[in-house]
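Colleague: Next come a sequence and a model predicted from it.
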Amino acid sequence: LHLACQSLRQGECDLALAGGVSLMIAPELSIALSKWGFLAADGRCKTFDARANGFVRGEGCGAVVLKRLGDALSDGDRVLALVRGSAVNQDGRTSVLTAPSGLAQQAVVREALANAALAPQDISYVEAHGTGTELGDPIELEALAAVLGPRPADRPVLLGSVKTNIGHLEAAAGIAGVIKVVLALREQALPPHLHFTKPNPHCDFLSSPFRIPTTLQPWAAGAAPRRAGVSSFGFGGTNAHVVLEEAP
């Protein structure tokens with residue numbers, strides 16, 4: 001998605017398709033992940049919850065059609081949302097392959113906001129990578145809080161992860177998060193974040209700007225456009241963040 005937007009902005013193409021597909025055709029990877037202790041034994045993704053004990057594999061595919069806004073409007077296309085900005089970076093060296101870098105996650109969100117010409121206060125929802133792991137969830141929350149906080153108590157950032165609904169779609173996880181946010185913008189409502197009963201003790205929610213919706217939350221249009229960040233982090237340390245905005 002990030003590279004497609006770059007190509008459109010640079011005039012290399014006039015229309016782009018971006019997406020991902022993830023299918024569990026052979027058992028070997030699931031067996032290996034299970035042996036390594038990466039998977040949740042109960043088959044439930046419990047992102048940001050105290051019971052978080054691993055991720056859940058899921059299958060799916062998704063794709064979006066991208067055009068420059070001016071071209072889409074002149075062509076009479078139905079515009080579902082705008083990609084205001086995006087960024088990609090890399091963790092670099094960490095203690096182990098699967099250990100995320102909080103500093104790199106902070107940097108990719110800041111870069112995406114700068115690319116979008118927006119301030120942290122312009123974001124009202126974040127679709128987290130949120131795999132539901134004891135190590136990864138607190139690092140992601142801390143990184144997001146460092147960039148998007150502090151906030152007034154009456155203007156929290158809502159935070160969720162579609163992985164609690166459909167599992168980790170791996171190669172399609174990022175596009176799944178994007179599509180969830182586009183649908184939420186259209187429906188003016190945010191779906192519940194599932195399996196969240198007690199916050200992960202390593203996640204400092206009290207001093208963070210975030211609130212996790214456990215019931216359907218209205219997300220009504222207002223005077224300013226609604227905007228959201230979507231994160232997707234790769235197993236090998238590649239981080240991506242996209243800033244979406246409601247369609248005009």
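Modeller: Sure thing, it's come through.

Colleague: all strands of the protein, in order?
Modeller: Counting by DSSP state E, the segments of the chain that form strands are 16-22, 60-66, 81-90, 125-127, 157-160, 189-190, 210-211, 217-218, 227-233, 238-246.

Colleague: Adding distance to residue 97, write those strands out as TSV.
Modeller: Just so you know, the C-beta spots here come from the backbone N, C-alpha and C atoms, and that holds for glycine as well. As requested, the strands of the chain are exported to TSV (distance: least, CB to CB, whole Å):
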stretch	distance to residue 97
strand 16-22	20
strand 60-66	25
strand 81-90	13
strand 125-127	25
strand 157-160	26
strand 189-190	33
strand 210-211	28
strand 217-218	36
strand 227-233	13
strand 238-246	12
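
Colleague: between those strands, which gets nearest to residue 199?
Modeller: Residue 199 lies closest to strand 210-211 among the strands of the chain, at 10.2 Å (CB to CB).

Colleague: contacts for that closest one?
Modeller: For strand 210-211, the external contacting residues (CB atoms under 8 Å, 6 or more residues apart in numbering) are 126, 141, 144, 145, 156, 157, 158, 159.

Colleague: before we move on, the earlier item: could you dump the strands of the chain into TSV with distance to residue 96, mean neighbour count and mean pLDDT added?
Modeller: TSV is the format used below for these (distance: least, CB to CB, whole Å; neighbours: other CB atoms under 10 Å; pLDDT from 0 to 100):
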stretch	distance to residue 96	mean neighbour count	mean pLDDT
strand 16-22	23	16	97
strand 60-66	28	16	98
strand 81-90	16	20	98
strand 125-127	26	25	98
strand 157-160	26	24	97
strand 189-190	34	19	97
strand 210-211	27	18	95
strand 217-218	36	13	96
strand 227-233	15	26	98
strand 238-246	16	23	98
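
Colleague: and of the contacts of strand 210-211, the nearest to residue 173?
Modeller: Closest to residue 173, out of all of these and judged by CB to CB, is residue 126, at 14.9 Å.

Colleague: is it true that the closest one touches residue 145?
Modeller: No. Using CB atoms under 8 Å, residue 126 makes no contact with residue 145, being 10.3 Å away.
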